[in-house]
Structures are given as C-alpha cells and as structure tokens.
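**Student:** sequence-free structure coming up:
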C-alpha cells in the first residue's frame, strides 16, 4: 500500500488544497512569520477540515440511498457499496491530512493544533470503520515503512477513537501558545478551543451509543459525556460553503439534475416519513420541514409516484433545488449536530428507563432541527402540538425518537449506522422494505439489507492478503451491531 499511506502524497494534496482554501480565508491566510516548516500548520488545518467535509459528502451520497433518504435510479447507482472514491478520500487525503497534522503539531509543540487534528482523525476513523468495519489504522500512516498495513478490528478501532478523543480533549484544554494559535485557518470554530472540546465530547456521546448492542454501559457512557457536549445549534460541527467553493450537494445532484444529468433525488420512504404515511399525524397533512428541505416536482402534493412501475415504491415526487436548505450553493454541510445529540440523549434515557428525560430531549431535538433548517415558529409549534407528536412521556416510543432523528440526519452517513444498530426493524422504521429485485444490488440477498461497504478492488491489488482476511459477507453484521 505504499501508494496510499505516504507523506509524499499528502504533501501533494496539501498544495492542491491551498488554492481552494484561500477562497475561504483570503490570500494571506497562511502568512505566518513564526512558521518553522515548509508547509505551515495554518495551511494544513483548513485542508484537513475541508477534506473531512468532502469525505462525509462522498459517503453520504451512497449511504443515503441505502437509508432511502435518496434514490439513485437503478442498480448501477443504488446499493453499490464499494465506495471506492470514499476509501481513497479517507486514506489518501482526510486521515492522511489528520495524521500529518498531528505529527507536525507534536514536533512544533502546539497542543491546540494537535488536539484539533486528533478529533478530526477520530471523526474520519469513525466514518471508515462504520462503513467498512475492519480497516488499516495503527500501521496505515508510516510512509514507506509498512507498505501493506494490517487491518485493525472494529473493536480495536473503537478503542483508538476513544483514545484520540481523550488525548484531543487534553490537548485542547491546555493554555494558549502566544502568536501560534489557530484563528481563521480553523474553518469551523475560528480558533475557539472550547467549541472543539464540546465537539470532542459530542463525538464521545455518538460513539458510545453506537455500541448499544454490545450490552454494558452504552447508555450511561453516552449520558455521562453530555454535560460537556453541544448545548445549542450554534455548536454544530459544519463547514459553511460559499459562491466559490460551493456545497457539493448543490453541485451534485442539484446542478446535475437541472442539466438533465440525473443523479439522485429524495426517496419515497423519506417523504413518507414526512407526509403522514409512515407516521400518521393527528391534525396535520405533513411535517413542515418537507417544504424547506425538498421541493415538489409535480402536483404540489408530496407522495410516492404510483402506477405499477419498477420504481413505484422507491421514488417520490419531491426534489432538491437551489433553494432547499441543504442544497443552496453556500449551505453548510452538517457533520455532527446538536439535534443529533438530543436524539441520542432521548434514546439513552429511554434505554435507562427515564421516560421523562427522554421526552424532554426528544422535543428539544425536534425544535433544534426545525430551527436549524428554517421552519417558521408558528409551523414549528403547530407540529409540536400535534397529538401524534406531543404524545407525552408515557407514550413515547423508540420509533418516534428514531423517526425524528432519521429526519434530522438527512444526507448524513450517521443515519445508516442507526438503521443497522436497530437491525432495520420495521417496528422502529415502519414500512421499511428492501428495494425490489432489479434495483437491489446483486450482492445483497433478496429481501435483505446491506451491513457494510465492500472494499474497493484496488485494495486487493495493493494489500491482497490483509484485505482478503478482513473481507466478510455483505449481509454479515459488523462487530458493533452483534
């Protein structure tokens, strides 16, 4: 794998990324009179952040089709899980950038840069293991010393994520180093270390609940980290784009769809979670978010297209356009949000038998997401007052919590983690069904759901023995979900 895990390739991508990052920061963003290396930390950090956002987009483009938030038009696009470009993005760029940032920050004794890089690495490593399970990590970033790195088990990777977050929090909590602190090069929080600490604790909450099927302390571990995690939408970990560096959900699928190069668009199952089909509403026709995050393409009624076609149970009549929340050219790409955190809290409290606390978190999660995407206050409050939403703590179910989290995680890879943790349960996800034959990937058993991404073919060419040993059946549950 010497062509994948190398500093030389990293440096090449760093320099390729500088021009685009200047669009965020201005031409003088990396002028640092105190820099001691050819590629400064001020230049490396924005590239590491931007590549992390890009990795989220690449993975979500495919996983959103499995969760049926989106539909890709056929077996060539839907449920094809090699995710080859995402694997390359992770190892060539995103994690490699984080690794080199950690190393250089250690060499320059700048703990805040090191801490940010460790938290970024934890997030990127989580994306890798949550999609492929076992993967190279401990031997992956060693220049040419280990050309064929071993694959770490998912259990080991989760332990590494915890260590990265703990070390990151410790580094982020150290005193400032005069004249050498992150500022505008931090594209997310502008150099605010307290916000990075909140983000790290929020990741601890996320990865704790991921282990809900392993027994033990998943719920209590998640709840114990909440006190230091996000406290409002202002804390969200998201990259805001602009009219030069456009949000990738704007460039594809919106611009592609507008020019007739159809890619993906909202799926019927997602729409049916918003229009009262899967979760009937007592006094409303639809969830007000549907008109903000999607747009109708036909009769202004949001419903699945019917008529007996192969696609009849897959595609809805909604679309994304230049004005829908997630797909404007300058829309933020949300990676971890306060709304997600509140729904994790609700789930953990339910698991712990604290229905009152769970209900409060459930309602706060709805408010957070609606406020985030721009639902007006009146429409939001009408929805919150609907009898099938405002059910009271005694009638709250896990299905209602996960329904709201599913909506809040539109275009986020985390939604696929949830579906697998809950075993694609139709109790949790009413009416969820696999795509019909002809749309479903041939690698997935008829009537089944995928549990993992496939390793790309190039990985077998580079590191065949280790990749082959790590390969599991497409429909086999990951360690995390057993």
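**Tutor:** Good, I have the coordinates. What you see is a predicted model, and the numbers here were worked out from it, not measured in a lab. Residues are numbered from 1 along each chain as shown.
**Student:** all strands of the protein, in order?
**Tutor:** Counting by DSSP state E, the chain has strands at residues 70-71, 135-136, 151-152, 237-240, 265-266, 295-296, 318-319, 332-336.
**Student:** from the chain's centre, how far out does the third one sit?
**Tutor:** For strand 151-152, the gap between its own C-alpha mean and the chain's C-alpha mean amounts to 22 Å (CA atoms, centre = their mean, to the nearest Å).
**Student:** Direction included, what does that strand pair against?
**Tutor:** Here strand 151-152 is paired, per DSSP bridges, with strand 135-136 (antiparallel).
**Student:** likewise the fifth one?
**Tutor:** Listed by DSSP bridges, the sheet partners of strand 265-266 and their directions read strand 70-71 (antiparallel).
**Student:** what do you get for the last one?
**Tutor:** Based on DSSP bridges, the pairing partners of strand 332-336 within the sheet are strand 237-240 (antiparallel).
**Student:** Buried residues in the partner strand, which are they?
**Tutor:** Across strand 237-240, burial judged by 16 or more other CB atoms under 10 Å covers 237, 238, 239. Backbone N, C-alpha and C define where each C-beta goes, glycine included.
**Student:** Also stretch 461-480?
**Tutor:** Buried residues in stretch 461-480 (16+ other CB under 10 Å): 462, 463, 466, 467, 470, 471, 472, 474, 477, 478, 479, 480.
**Student:** Tell me the one of those nearest residue 158?
**Tutor:** residue 480 (7.3 Å; CB to CB).
**Student:** how about the closest one, what does it touch?
**Tutor:** Counting by CB atoms under 8 Å, 6 or more residues apart in numbering, residue 480 makes contact with 129, 130, 133, 154, 158, 210, 211, 213, 214, 421.
**Student:** possible to save these as JSON lines with neighbour count and distance to residue 353?
**Tutor:** Below are the contacts of residue 480 laid out as JSON lines (neighbours: other CB atoms under 10 Å; distance: CB to CB, whole Å):
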{"residue": "129", "neighbour count": "25", "distance to residue 353": "30"}
{"residue": "130", "neighbour count": "24", "distance to residue 353": "28"}
{"residue": "133", "neighbour count": "25", "distance to residue 353": "31"}
{"residue": "154", "neighbour count": "19", "distance to residue 353": "29"}
{"residue": "158", "neighbour count": "22", "distance to residue 353": "25"}
{"residue": "210", "neighbour count": "25", "distance to residue 353": "21"}
{"residue": "211", "neighbour count": "20", "distance to residue 353": "19"}
{"residue": "213", "neighbour count": "16", "distance to residue 353": "18"}
{"residue": "214", "neighbour count": "14", "distance to residue 353": "19"}
{"residue": "421", "neighbour count": "22", "distance to residue 353": "19"}
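**Student:** Which of the buried residues of stretch 461-480 fall within helices?
**Tutor:** 462, 463, 466, 467, 470 (DSSP state H).
**Student:** Quick check: the farthest pair among these?
**Tutor:** Within these, two members stand farthest from each other by CB to CB: 462 and 470, at 13.2 Å.
**Student:** Please report the distance of the residue nearest to residue 68 when sequence neighbours are not counted from residue 70.
**Tutor:** In space, residue 68 comes closest to residue 269 once its chain neighbours are excluded; the distance is 3.7 Å by CB to CB, 6 or more residues apart in numbering. In this view, residue 269 and residue 70 are 10 Å apart by CB to CB, to the nearest Å.
**Student:** Please apply the same query to residue 205.
**Tutor:** Taking CB to CB, one finds residue 205 at 26 Å from residue 70.
**Student:** do the same with residue 242
**Tutor:** Applying CB to CB, the value for residue 242 to residue 70 is 24 Å.
**Student:** and those two? which has more neighbours close in?
**Tutor:** When neighbours are counted by other CB atoms under 10 Å, residue 242 and residue 70 differ, and residue 70 comes out ahead with 26 against 11.
**Student:** I figured the more buried one hits residue 264, correct?
**Tutor:** Yes: if you go by CB atoms under 8 Å, residue 70 and residue 264 touch, sitting 4.5 Å apart.
**Student:** Hey, what's the angle from the lengthiest helix in the chain to strand 332-336? Just curious.
**Tutor:** Scanning the chain for the longest helix, with DSSP H as the assignment, gives helix 41-66. Here helix 41-66 runs at an angle of 80 degrees relative to strand 332-336 (axes from the mean of the first three to the mean of the last three CA atoms, to 10 degrees).
**Student:** Common neighbours of residue 70 and residue 264, please.
**Tutor:** residue 64.
**Student:** so who does the closest residue in space to residue 347 that isn't next to it in sequence touch?
**Tutor:** What sits nearest to residue 347 in space, not counting adjacent residues and going by CB to CB, 6+ apart, is residue 401, at 5.6 Å. Counting by CB under 8 Å, 6+ apart, residue 401 makes contact with 343, 346, 347, 350, 358, 362.
**Student:** From those residues, which land in helices?
**Tutor:** Using DSSP H, these in helices are 343, 346, 347, 350, 358, 362.
**Student:** and the closest residue to the first one other than its chain neighbours, how many neighbours does it have?
**Tutor:** If the residues on either side of it in the chain are set aside, residue 343 comes closest to residue 405, at 3.8 Å by CB to CB, 6+ apart. Residue 405 has 24 neighbouring residues, counting by other CB under 10 Å.
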